[in-house]
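> can you look at this prediction? I've put the sequence above it.
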Amino acid sequence: MTTAQTFITAERARASAWKLATQTLPMEAKLASSYKDKAGSSRGPEYDFCLPAQHAALSLLPEVRHSSLALFTELGIPWHAGIGGGPGNHLLSSQVQCVNALGQMVADPDRIIRAFGPIIETSEVHQIEPGRWLTFEYIGSDDHLNEAIDGKRIRGAHCTSVDAAFVHTTAAGIRELVLVEWKYTENYARRTVLPAKDAIRYERYGRLLAASDGPIAVERLPFEELLQEPLYQLMRQQLLAHQLEKVGAHGADRVRVVHVLPAGNHAYHASLHGPATRLLGSTVKEVWQSLLRHPDRFVPMDSAVFLDPQITSQHYIERYGNGLTSAPQ
């Protein structure tokens with residue numbers, strides 16, 4: 001069994017056990033179900049780690065369910081493989097885990113300080129949107145990366161989005177916009193080269209990458225290898241952070257990407273493809289920080305931090321506790 005299969009298999013088993021044991025689901029939601037894909041079609045056999053489609057919204061924990069569904073609807077944010085305007089029915093959704101972890105922070109800045117304060121020295125949190133201390137699927141107010149289609153962008157779809165964002169002041173008095181990217185069971189294989197699409201990507205991002213003040217030392221890695229996930233997503237998010245910092249979005253002096261990931265997902269850490277990439281480090285974190293002109297603009301964070309009822313909830317700990325392990329040395 002590969003490293004990826006080991007982690008995902010363990011997470012599926014943990015999710016299945018939670019589904020059968022939790023008091024937050026009715027009995028009819030505990031039946032095995034096929035996975036519903038983005039097109040709404042059932043895929044594969046019935047799994048214990050999938051909810052019946054009509055109960056997919058119950059993947060959101062009780063303390064965040066109503067408010068998060070309302071927020072995503074208000075902001076026009078699509079759920080990944082969503083069903084009926086709510087989340088998909090797969091219990092290993094990273095988007096759902098992110099909302100379960102951060103959903104209460106929308107209205108409670110103290111939870112932001114408890115979670116992120118020890119890592120990025122948060123001392124005070126400011127509203128990022130009217131009435132909100134944290135928001136989801138953030139893209140910024142302007143199309144800094146030239147990604148709009150017919151002049152429009154959708155938060156969370158077809159343009160560079162980060163899973164969450166908030167604004168804070170550090171202990172040193174720096175006002176900072178934080179872009180939060182959340183990973184769970186993701187890992188990435190070598191991509192298929194698509195010349196026509198790659199040409200569009202170069203036209204879109206090449207100028208920003210080549211800029212003398214750009215955030216990424218592109219001379220260290222061919223553009224073709226930057227297009228390989230997860231570096232491609234990291235590249236776009238770092239470009240977005242850099243452009244937002246240049247314009248002082250939300251009055252910020254600095255913009256950083258905080259990358260949340262289970263340390264036990266070794267397959268993600270090892271998702272390195274391309275000879276030049278592998279020369280830069282043995283993990284995605286090592287490679288990416290070696291490419292940044294300002295490495296402090298990227299902050300790795302172990303998602304085990306959120307296994308704290310003062311940050312999330314007892315429900316969250318019961319659901320995800322067995323799957324988040326301490327960081328490898």
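Here it is on my side, so go on.
> for the residue nearest the centre of the chain, give me phi and psi.
Residue closest to the mean C-alpha point of the chain, counted by C-alpha atoms, centre = their mean, is residue 182 at 2.5 Å. In this entry, residue 182 is assigned phi and psi values of phi -120, psi 130 (degrees, to the nearest 10).
> which strand residues bridge it?
For residue 182, the beta-bridge assignment (DSSP bridges) gives partners residue 260.
> pLDDT value on it, please?
Here the pLDDT value assigned to residue 182 is 98.
> then the one 4 residues further on?
The predicted local distance difference test score for residue 186 is 97.
> repeat for the one 5 residues further on
Residue 191 is assigned 95 on the pLDDT scale.
> which secondary structure element contains it?
Using DSSP states H and E, residue 191 sits within no helix or strand.
> burial count for it?
15 (other C-beta atoms under 10 Å). To be clear about C-beta, it is placed using only N, CA and C from the backbone, and glycine gets the same treatment.
> low-confidence ranges, the stretch 201-329 of the chain, go.
Counting by pLDDT under 70, the stretch 201-329 of the chain shows low-confidence ranges at 322-329.
> what segments of it are helices?
In the stretch 201-329 of the chain, the helices defined using DSSP state H, counting those that start in this stretch lie at 223-226, 231-247, 266-269, 275-278, 284-291, 314-320.
> the longest one relative to helix 284-291, how many degrees between them?
Orientation check (axes from the mean of the first three to the mean of the last three C-alpha atoms, to 10 degrees): helix 231-247 against helix 284-291 gives 50 degrees.
> next up, the contacts around the residue lying closest to residue 236 once chain neighbours are set aside.
Spatial nearest neighbour of residue 236, chain neighbours left out: residue 160 (4.3 Å); criterion: C-beta to C-beta, 6 or more residues apart in numbering. Taking C-beta atoms under 8 Å, 6 or more residues apart in numbering as the definition of contact, the neighbours of residue 160 are 139, 145, 147, 236, 237, 239, 240.
> ok, back up a step: from residue 274, how far out is the residue nearest to the centre of the chain?
With distances defined as C-beta to C-beta, to the nearest Å, the gap from residue 182 to residue 274 amounts to 25 Å.
> returning to what we had before: show me the contacts for the residue nearest to the centre of the chain.
When contacts are counted by C-beta under 8 Å, 6+ apart, residue 182 is found next to 94, 95, 97, 98, 101, 102, 163, 164, 260, 261, 303.
> repeat that for 6 Å
The contact partners of residue 182, taken as C-beta atoms under 6 Å, 6 or more residues apart in numbering, are 94, 98, 163, 260.
> for the last one, what are its contacts?
Applying C-beta under 6 Å, 6+ apart to residue 260 gives the contacts 182, 301, 303.
> please redo it, this time with the cut-off set to 8 Å
Residues 98, 180, 181, 182, 183, 301, 302, 303 are the ones in contact with residue 260 under the rule C-beta under 8 Å, 6+ apart.
> cool, and residue 303?
With contact taken as C-beta under 8 Å, 6+ apart, residue 303 is in contact with 97, 101, 182, 184, 260, 261, 262, 263, 324.
> what are the ranges of the helices in the stretch 51-200 of the chain?
Counting by DSSP H, counting those that start in this stretch, the segments of the stretch 51-200 of the chain that form helices are 62-75, 94-102, 109-120, 195-210.
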